[in-house]
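Trainee: From the sequence below, what's the structure:
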Amino acid sequence: MAEREKPAGYARSEAKNAEVRATLTPLEPGERPLPLLIAIGVAIVLAAVNLVGTIISDDVPLVGTIIFCVVMGMAAYGLWNQRAWAVLGFLALLGIILAFATLSLLVASNLAAVAFCVALIAGAGTLFWKLIRVLGRIQAPPR
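Mentor: Sure thing, here's the model as predicted:
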């Protein structure tokens with residue numbers, strides 16, 4: 001669509017986007033908001049739990065676990081250093097978790113499974129939502 005043929009809703013949407021962008025303040029060099037710290041903790045805990053689970057169990061392939069732990073370690077490092085790629089990658093992981101937890105509700109066979117899926121959806125969804133603003137602050141141009 002040419003620039004002059006944009007629908008009226010587009011102008012409204014761009015005005016709202018500009019308004020939200022104006023309220024974003026860039027993160028300070030050492031500032032780490034709570035959602036970012038929680039994401040770092042989740043990445044570290046996921047890596048540790050998977051590594052311990054692999055060591056305890058004999059039927060889990062070690063190579064896949066090591067790759068996952070390295071990826072989670074890189075994510076934690078990138079999140080700590082306020083890198084947009086790390087936040088985007090973690091948001092993608094949360095999106096996958098949300099999709100699987102939602103689909104798991106279809107096959108949940110007892111109340112405990114339903115409660116676990118709902119808790120996972122609530123936690124991952126809330127963290128996803130909060131990290132979007134953090135990502136915007138990381139990408140906000142300095143004033």
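
Trainee: Give me the helix or strand of this structure that scores worst on average pLDDT.
Mentor: helix 8-23 (a mean of 82; mean pLDDT, DSSP states H and E).

Trainee: Can you give the distance of it from its chain's centre?
Mentor: 24 Å (Cα atoms, centre = their mean, to the nearest Å).

Trainee: cool, stretch 66-83 as well?
Mentor: 12 Å.

Trainee: how about it: buried residues?
Mentor: 69, 72, 74, 75, 76, 78, 79, 80, 82 (16 or more other Cβ atoms under 10 Å). C-beta here means a position set from N, CA and C on the backbone, and glycine is covered the same way.

Trainee: Which of these sits closest to residue 28?
Mentor: Relative to residue 28, the closest of these is residue 82; by Cβ to Cβ it sits at 9.5 Å.

Trainee: Which residues are in contact with that closest one?
Mentor: With contacts defined as Cβ atoms under 8 Å, 6 or more residues apart in numbering, residue 82 is in contact with 27, 32, 36, 138.

Trainee: Can you tell me how far it is from residue 23?
Mentor: Note on residue 82: its distance to residue 23, by Cβ to Cβ, to the nearest Å, is 19 Å.

Trainee: from the buried residues of stretch 66-83, which is closest to residue 15?
Mentor: Within the buried residues of stretch 66-83, the smallest distance to residue 15 is 28.7 Å, found for residue 82 (Cβ to Cβ).

Trainee: next SSE after the least confident helix or strand of the chain?
Mentor: Per DSSP states H and E, helix 8-23 leads on to helix 34-56 as the next helix or strand towards the C-terminus.

Trainee: Alright, I will stop here.
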